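Participant: pasting the structure only:
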C-alpha cells in the first residue's frame with residue numbers, strides 16, 4: 001500500500017448487519033459527497049424535482065442505447081452507475097498547488113445485483129495510474145489522445161463524464177449506462193437538508209488545510225464541516241488519499257444508517273429538501289435523468305439490508321516509478337472485476353477496515369442479517385440510533401443465516417466495510 005505521501009483513497013472492513021428500506025440516495029451520497037443521497041429521494045418526487053437538474057450529458061453510443069432501452073430493475077447481470085464528485089481544484093484548501101480544470105477526485109462505481117439483494121460501491125483512488133482512452137472535451141472540443149498510463153483523475157478534464165465512464169469500463173470490463181456528477185456545493189446542501197450526520201472520531205482530527213478540528217467522540221456534521229470531513233486527508237490516518245477514502249466511508253455508512261433508521265424518508269419536507277439539494281447540484285447522464293429510471297432504482301433498493309451494501313476500495317499497489325502514485329493490483333483487481341461482471345454476491349468478512357477507520361468500541365456483539373425479505377421503515381425503528389458511531393449494539397431481527405452464508409468472500413487484501421458496520425475515523 002502507498003505511503004503517507006500518496007494520494008489515493010482507502011476503505012474499511014468487516015460487517016455488521018441490519019436495516020432494510022434504503023435508497024440510492026443514501027448510498028451514492030458521497031464521493032466527496034453524498035451524491036445520490038437523493039437517489040431514492042429523487043425517485044419519490046422525481047417528476048417535480050427532475051426539473052431542477054441543471055443539465056444532462058450523453059455517454060457513449062452503446063451506453064446511451066442500453067440506458068434508453070433497458071429497465072434498470074431488470075438489466076441482466078445487474079445495473080451499474082458511476083458517481084463522480086468533482087470541482088475545479090483552483091484554490092482548493094487541501095491542494096498542494098492550484099490546478100486548472102475539473103478533476104474526478106472522487107469516483108465511485110455502484111453495482112446493484114440483478115436480484116436486488118446487494119449493492120457494491122467501489123471507490124477508485126484519484127492518483128491511480130491507468131490507461132485512459134482518447135476523449136474529446138465536450139466544452140472545448142479538444143481531443144486528447146489515448147494514454148497507456150495517466151492519473152485516473154485527469155479523465156474528467158480530458159473528456160467529461162463520458163470519458164470517466166469509458167475509463168472505468170476499460171478498467172473493470174463492465175458496461176456502465178448511467179452516471180452522475182455532483183459538485184462540492186451539493187455536499188453542503190445535502191448534509192444541511194439531513195440536519196447533519198453523526199460521525200465517530202476515535203482520535204482527534206486536526207487539519208489546518210481544511211480547518212477541521214474534532215475531538216475524540218461523536219460529532220454532528222453538516223454544511224462546511226461535513227465537506228471538510230469528507231475532504232480531509234492531512235487530518236486522518238497516515239495523511240494519504242487512501243486514508244481519506246477510509247474516513248469517507250465512515251461518514252457514508254453513518255449517513256445510510258441515519259436515513260434508514262430515523263424516518264428521514266418518511267418526512268416529506270426533508271425528502272423534498274434532500275432531493276432538491278442533490279439534483280440542483282448534479283449533472284446526470286441522459287439515461288439516469290429519467291423519472292422511470294429513478295423510480296425503478298428506488299424500487300430495486302427498497303428492502304435491501306445495509307449489511308448487503310458494501311463499500312470497497314479498488315485494489316492498488318505502490319507505483320515503482322513514482323512514490324506519490326499507485327497502480328492496479330492486477331491479480332486482486334481481476335478477482336473483484338470478475339465478481340462484478342458475473343454478479344456474484346460477495347462479502348468482506350475477512351477484510352480489514354481502511355487506513356483511517358476502526359470498529360466503533362460501542363458496536364459490540366455480533367450482529368445478524370436482516371431477513372432476506374427486507375424490512376419496512378417501521379421495522380427499522382427498533383434498530384440502533386441513526387448515529388452509527390454513538391449507538392449501541394445492533395438490535396436487528398435475528399436470522400439463522402448470516403449475510404455471508406451464501407456469498408463469496410473477496411480477497412482479504414481488499415479493504416472495505418458494509419454500510420451497517422459502525423466505525424470511527426482515526427485522526428493522526
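Facilitator: It's in. Bear in mind the structure is a predicted one, so any value in this text is a computation, not a measurement.

Participant: just checking, what's the longest helix in the chain?
Facilitator: The residue-count maximum for a helix in the chain (DSSP state H) belongs to helix 241-261.

Participant: What mean pLDDT does that one get?
Facilitator: Averaged over helix 241-261, pLDDT sits at 83.

Participant: do stretch 361-371 as well
Facilitator: 46.

Participant: Repeat that for stretch 135-148.
Facilitator: On average, stretch 135-148 scores 94.

Participant: So which bits of that stretch are buried?
Facilitator: 135, 137, 144, 147 (16 or more other CB atoms under 10 Å). (C-beta placed from N, C-alpha, C; glycine too.)

Participant: Next up, the contacts around the third one.
Facilitator: When the contact criterion is CB atoms under 8 Å, 6 or more residues apart in numbering, the partners of residue 144 are 132, 134, 135, 136, 137, 158, 159.

Participant: same question, the first one
Facilitator: Each residue near residue 135 by CB under 8 Å, 6+ apart is listed here: 143, 144, 155, 158, 159, 160, 162, 163, 166.

Participant: If any of those are buried, put those into a PyMOL selection.
Facilitator: Provided next is the PyMOL selection string for whichever of the contacts of residue 135 are buried by 16+ other CB under 10 Å:
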select buried, resi 144+155+158+159+160+162+163+166
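
Participant: just the contacts of residue 135 now: which is nearest residue 185?
Facilitator: For the contacts of residue 135, the closest approach to residue 185 (CB to CB) belongs to residue 160, at 18.8 Å.

Participant: which element is that closest one on?
Facilitator: Residue 160 belongs to helix 155-172 when assigned by DSSP states H and E.

Participant: again with residue 272
Facilitator: Assessed by DSSP H and E, residue 272 sits inside helix 268-279.

Participant: partner strands of the next helix-or-strand element following that helix, parallel or antiparallel?
Facilitator: Remark: after helix 268-279, the chain's next helix or strand is strand 282-285, criterion DSSP H and E. Using DSSP bridges, strand 282-285 pairs in its sheet with strand 55-57 (parallel), strand 178-182 (antiparallel).

Participant: among these, which is the most enclosed?
Facilitator: Mean neighbours per residue, mean count of other CB atoms under 10 Å, is largest over the strands paired with strand 282-285 for strand 178-182, with a mean of 28.

Participant: Next, the angle helix 268-279 makes with that one.
Facilitator: Between strand 178-182 and helix 268-279, the angle comes out at 90 degrees (axes from the mean of the first three to the mean of the last three CA atoms, to 10 degrees).

Participant: can you list the residues that contact strand 178-182?
Facilitator: In contact with strand 178-182 (CB under 8 Å, 6+ apart) are residues 28, 31-33, 35-36, 57, 59, 67, 72, 79-86, 156, 161-162, 164-165, 278, 281-285, 287-288, 293.

Participant: cutoff 6 Å now
Facilitator: Contacts with strand 178-182, where a contact means CB atoms under 6 Å, 6 or more residues apart in numbering, come from 33, 35, 81-86, 161, 165, 281-285, 287-288.

Participant: Also stretch 216-233?
Facilitator: Outside stretch 216-233, the residues within contact range by CB under 6 Å, 6+ apart are 32, 94, 187-188, 191-192, 196-201, 203-204, 207, 210, 212, 241, 244, 248, 389-390.

Participant: Take the buried residues of stretch 135-148 and keep only those in strands.
Facilitator: 135, 144, 147 (DSSP state E).

Participant: Give me the distance between residue 55 and residue 156.
Facilitator: 15 Å (CB to CB, to the nearest Å).

Participant: what about residue 74, how many residues close to it?
Facilitator: Per other CB atoms under 10 Å, the neighbour tally for residue 74 reads 11.

Participant: Can you tell me the element it falls in?
Facilitator: Applying DSSP H and E, one finds residue 74 in no helix or strand.

Participant: Identify the residue spatially nearest to it, adjacent ones excluded.
Facilitator: residue 114 (7.8 Å; CB to CB, 6 or more residues apart in numbering).

Participant: Just put the strands paired with strand 282-285 in TSV and tack on mean pLDDT and distance to residue 428.
Facilitator: Shown next, in TSV, are these (pLDDT from 0 to 100; distance: least, CB to CB, whole Å):
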stretch	mean pLDDT	distance to residue 428
strand 55-57	84	38
strand 178-182	89	27
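
Participant: and residue 303, which of the ones you listed is closest to it?
Facilitator: Per CB to CB, nearest to residue 303 of the strands paired with strand 282-285: strand 178-182, 20.8 Å.

Participant: Would you mind identifying the next helix or strand past that closest one?
Facilitator: Heading C-terminal from strand 178-182 (DSSP H and E), you reach helix 184-193.

Participant: Could I get the buried residue list for the strand or helix carrying residue 297?
Facilitator: Residue 297 is located in helix 291-301, with elements delineated by DSSP H and E. Across helix 291-301, burial judged by 16+ other CB under 10 Å covers 293, 294, 295, 296, 297, 298, 300, 301.

Participant: number of nearby residues for residue 68?
Facilitator: Neighbours around residue 68, by other CB under 10 Å: 12.

Participant: nope, residue 258 is what I was after
Facilitator: The number of residues near residue 258, taken as other CB under 10 Å, comes to 21.

Participant: Distance-wise, check the residue nearest to residue 74 relative to residue 335.
Facilitator: Taken as CB to CB, the span from residue 114 to residue 335 is 20 Å.

Participant: what's the answer for residue 170, then?
Facilitator: For residue 170 relative to residue 335 (CB to CB), the value is 18 Å.

Participant: Report all helices and strands that the helix or strand just after the helix holding residue 297 contacts.
Facilitator: As assigned by DSSP H and E, the chain's next helix or strand after helix 291-301 is strand 309-313. Counting contacts by 3 or more CB pairs under 6 Å, 6 or more residues apart in numbering; DSSP states H and E, strand 309-313 packs against strand 119-124, strand 416-418.

Participant: Many thanks, have a good one.
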